[in-house]
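[1] build me a model:
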Amino acid sequence: MMDLDPKQYQQVNLCDDDVRNIVWSYLVHNCYKETANAFLSTAGIKNSSEPMLDMDTRKLILQHVQEGKVLDAIEMTEQLAPKLLESNMDLHFDLLTLHFIDLIRTRKCGEALEFGQKKLIGFGKVQKYIEKMEDVMALMAYEDPEKSPMFHLLSLEYRQSVADGLNQAILEHSNMPAHSELERLAQQATVVRQYLHEFDKDSHPPFSLKAFVNE
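    Numbering: from 1, shown residues only. Prediction:
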């Protein structure tokens with residue numbers, strides 16, 4: 001069985017409403033409010049399944065995380081989605097440790113230790129939290145934490161992953177999809193193509209979503 005020519009995908013007919021809803025879902029998920037409003041008025045979407053859940057507040061919360069204002073993000077999250085962090089200990093821990101990391105980054109080690117004793121000690125009975133705290137605490141042993149073996153905790157990618165997790169949790173808390181329709185389609189396509197490769201490696205080369213999109 002030969003792999004499909006990418007040009008054959010262009011012959012598949014898609015419903016315009018489905019495509020518009022996919023785009024709309026992506027804009028709402030990522031808090032692109034102005035673009036979403038403009039798209040809504042021009043695309044003729046009448047009954048969207050994705051209500052615009054307080055995008056201004058959600059966007060500001062995510063910006064706070066990305067800009068190192070994690071405590072402000074936590075406070076706003078508790079106002080927008082009460083009980084969310086209380087019920088999602090993993091997310092709460094990630095946010096608190098991110099603030100701890102920011103204190104270390106700015107060389108406020110004394111303040112970091114005081115914060116840890118007040119806010120993180122309650123997580124000390126769970127092994128997975130203990131292991132991560134050991135990694136975070138190890139940053140304090142280096143004059144330049146970014147050159148430590150745990151440097152990834154200081155990266156923009158790690159901060160963004162925490163912000164993404166918070167965004168998904170807020171959406172789920174409001175009974176909205178944690179992932180946009182576009183992301184779910186990409187995930188499904190990737191899984192299917194990877195499965196085909198494992199099933200018949202001779203006919204289906206390893207799949208790269210980036211390469212597929214650029215074809």
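[2] could you measure from the spatially most central residue of the chain over to residue 139?
    Note on the chain: the residue nearest the mean C-alpha position is residue 164, at 1.9 Å, using Cα atoms, centre = their mean. For residue 164, the distance to residue 139 (Cβ to Cβ, to the nearest Å) stands at 22 Å. Every C-beta, even on glycine, is put in place using the N, C-alpha and C of the backbone.
[3] what distance separates stretch 143-152 from the centre of its chain?
    Centroid separation between stretch 143-152 and its chain, computed with Cα atoms, centre = their mean, to the nearest Å, is 23 Å.
[4] okay, it in PDB with CA atoms only?
    What follows is stretch 143-152, C-alpha atoms only, in PDB (Å, rounded to 0.1, in the frame of the first residue of the first chain):
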ATOM      1  CA  GLU A 143      26.000  31.200  41.000                       C
ATOM      2  CA  ASP A 144      24.500  31.100  37.500                       C
ATOM      3  CA  PRO A 145      21.300  28.900  37.700                       C
ATOM      4  CA  GLU A 146      21.000  28.900  34.000                       C
ATOM      5  CA  LYS A 147      24.100  26.800  33.700                       C
ATOM      6  CA  SER A 148      22.900  24.200  36.200                       C
ATOM      7  CA  PRO A 149      21.600  20.800  35.100                       C
ATOM      8  CA  MET A 150      18.100  22.000  35.900                       C
ATOM      9  CA  PHE A 151      18.400  25.000  33.600                       C
ATOM     10  CA  HIS A 152      15.200  23.900  31.700                       C
END
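[5] in it, which residues are buried?
    Within stretch 143-152, the residues that qualify as buried are 145, 148, 150, counting by 16 or more other Cβ atoms under 10 Å.
[6] skipping its backbone neighbours, what lies nearest residue 148 in space?
    Nearest residue to residue 148, sequence neighbours excluded (Cβ to Cβ, 6 or more residues apart in numbering): residue 142, at 4.2 Å.
[7] chain neighbours aside, what residue packs nearest to residue 65?
    Leaving out its chain neighbours, the residue that sits closest to residue 65 by Cβ to Cβ, 6+ apart is residue 163, at 4.3 Å.
[8] what does the helix or strand where that neighbour lies contact?
    Assigned by DSSP states H and E, residue 163 belongs to helix 156-173. Helix 156-173 has contacts (Cβ atoms under 8 Å, 6 or more residues apart in numbering) with 29, 31, 53, 58, 61-62, 65-66, 73, 77, 80-81, 84, 88, 91, 94-95, 98, 152, 177-179.
[9] filter those down to just the ones in helices.
    29, 58, 61-62, 65-66, 73, 77, 80, 84, 91, 94-95, 98 (DSSP state H).
[10] okay, and residue 75 sits in which element?
    Using DSSP H and E, residue 75 sits within helix 70-80.
[11] quick check: mean pLDDT of that helix?
    Along helix 70-80, the predicted local confidence has a mean pLDDT of 97.
[12] quick check: buried residues in that helix?
    In terms of neighbour count (16+ other Cβ under 10 Å), helix 70-80 has its buried residues at 70, 73-74, 76-77, 80.
[13] could you do stretch 103-122 as well?
    Using 16+ other Cβ under 10 Å as the burial criterion, the residues of stretch 103-122 that qualify are 103-104, 112, 115-116, 119-120.
[14] and those, which two are the farthest apart?
    Put simply, by Cβ to Cβ the two of the buried residues of stretch 103-122 set farthest apart are 104 and 119, 14.4 Å from each other.
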